[in-house]
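K.L.:
Test case, fold it:
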Amino acid sequence: MPNIVLFSGSSHQDLSQRVADRLGLELGKVVTKKFSNQETSVEIGESVRGEDVYIIQSGCGEINDNLMELLIMINACKIASSSRVTAVIPCFPYARQDKKDKSRAPISAKLVANMLSVAGADHIITMDLHASQIQGFFDIPVDNLYAEPAVLQWIRENIAEWKNCIIVSPDAGGAKRLHTISTELDVGLELRTQEILTWTEIKSRTLIFKRRKRGAWVAQSVKRPTSAQVMILQLLSAGATKVYAILTHGIFSGPAISRINNAAFEAVVVTNTIPQEDKMRHCPKIQVIDISMILAEAIRRTHNGESVSYLFSHVPL
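P.N.:
Residues are numbered from 1 along each chain as shown. Below you'll find the model as predicted:
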């Protein structure tokens with residue numbers, strides 16, 4: 001592809017290299033470092049004049065440092081006369097802070113959107129935003145890709161008894177997407193409602209069934225470790241034979257890894273929007289779905305002016 005340059009930030013270089021390999025490109029030369037006062041320094045090592053620039057940087061690890069690094073890289077390319085700068089952010093930082101849930105609370109996701117625009121980003125590519133309405137925080141185009149096609153492919157290829165499974169939503173927030181997954185697989189759907197008091201405390205749960213089958217159960221988007229443990233016990237007592245947790249951005253903060261190791265999960269399946277190598281070394285139950293081909297195809301289609309909507313329901317070959 002002519003007139004395209006692909007750069008990687010320091011947050012997830014393995015994913016960036018996978019995307020570059022898929023596109024048949026070399027990652028652009030960039031040096032990122034910190035001065036002694038902890039200011040971030042970025043040096044773009046090649047010309048980007050008139051080029052279509054894509055910068056891959058996920059919102060993980062040292063999030064604030066990585067976000068600042070991304071902003072500086074965007075601005076450096078913009079003032080170096082690039083024709084367009086696209087920020088490829090597999091896991092969007094501050095996405096959970098998308099509304100005023102209490103008095104005087106900031107809407108930090110909107111602040112990040114403003115910062116990206118002011119830095120000079122012309123386009124954003126991300127995956128599975130916490131709330132799709134975050135796209136409305138931007139005045140520039142945003143492509144919110146979905147891991148759902150890759151999840152469907154993983155279920156069909158790795159769960160032998162998937163035709164007898166039930167898709168379980170731990171809360172009402174994921175009901176719409178899980179309804180789509182259950183329809184695609186033609187399996188049962190169970191919706192749970194819950195009242196969350198804190199990140200680790202749950203007050204109540206109820207169960208709503210679409211259709212019930214025995215066999216493997218698949219839980220989608222289990223983010224709170226204690227919530228997951230309660231759910232596993234309830235599912236197993238209700239007759240489930242295996243429990244899988246499938247989620248897009250596997251942050252696994254605090255004691256999550258030890259709790260997963262001690263829980264009765266058959267597997268905890270995540271995408272590689274966030275680096276998982278270290279977590280996998282400490283938890284053999286974690287399995288990873290590679291989504292680099294989706295990001296690479298989105299970049300290719302964007303660069304060539306093609307529609308990206310194909311990726312909402314298909315995994316590139």
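
K.L.:
How are the helices of this structure distributed by residue range?
P.N.:
Shown for the chain, the helices assigned by DSSP state H span residues 13-23, 63-79, 108-119, 148-158, 175-185, 225-237, 256-262, 277-282, 292-303.

K.L.:
mind checking how far the first one is from the chain centre?
P.N.:
On the basis of C-alpha atoms, centre = their mean, to the nearest Å, helix 13-23 sits 16 Å off its chain's mean C-alpha point.

K.L.:
who does that helix touch, helix- and strand-wise?
P.N.:
Contacts defined by 3 or more C-beta pairs under 8 Å, 6 or more residues apart in numbering; DSSP states H and E place helix 13-23 against strand 4-8, strand 52-56, helix 292-303. Heads up, the C-betas are built off the backbone N, CA and C, glycines and all.

K.L.:
could I get the ones you listed as a markdown table with distance to residue 91 and mean pLDDT?
P.N.:
Formatted as a markdown table, the helices and strands packed on helix 13-23 follow (distance: least, C-beta to C-beta, whole Å; pLDDT from 0 to 100):
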| stretch | distance to residue 91 | mean pLDDT |
| --- | --- | --- |
| strand 4-8 | 15 | 97 |
| strand 52-56 | 11 | 98 |
| helix 292-303 | 12 | 97 |
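
K.L.:
right, and these - which one's nearest residue 185?
P.N.:
For those, distance to residue 185 was read as C-beta to C-beta. The smallest value, 19.4 Å, belongs to helix 292-303.

K.L.:
Taking helix 148-158 as reference, get the angle to the closest one.
P.N.:
Here the directions of helix 292-303 and helix 148-158 differ by 150 degrees (axes from the mean of the first three to the mean of the last three C-alpha atoms, to 10 degrees).

K.L.:
for helix 292-303, packing partners?
P.N.:
When contacts are defined as 3+ C-beta pairs under 8 Å, 6+ apart, helix 292-303 sits against helix 13-23, strand 52-56, strand 84-89, strand 123-127, strand 142-145.

K.L.:
Just the residues contacting that helix, thanks.
P.N.:
Residues from elsewhere that reach helix 292-303 (C-beta atoms under 8 Å, 6 or more residues apart in numbering): 1, 4, 6, 15, 18-19, 22-23, 52, 54, 56, 86, 88, 90, 123, 125, 127, 143, 145, 147, 149-150, 272, 306-308, 310-311, 315-316.

K.L.:
What subset of the residues you listed is buried?
P.N.:
Taking 16 or more other C-beta atoms under 10 Å as the criterion, what is buried in those is 4, 6, 15, 18-19, 22-23, 52, 54, 56, 86, 88, 90, 123, 125, 127, 143, 145, 147, 149-150, 272, 308, 311, 315-316.

K.L.:
related to what we said a few turns ago, from the helices of the chain, which stretch is densest packed?
P.N.:
Highest mean neighbour count among these (mean count of other C-beta atoms under 10 Å): helix 292-303, with a mean of 22.
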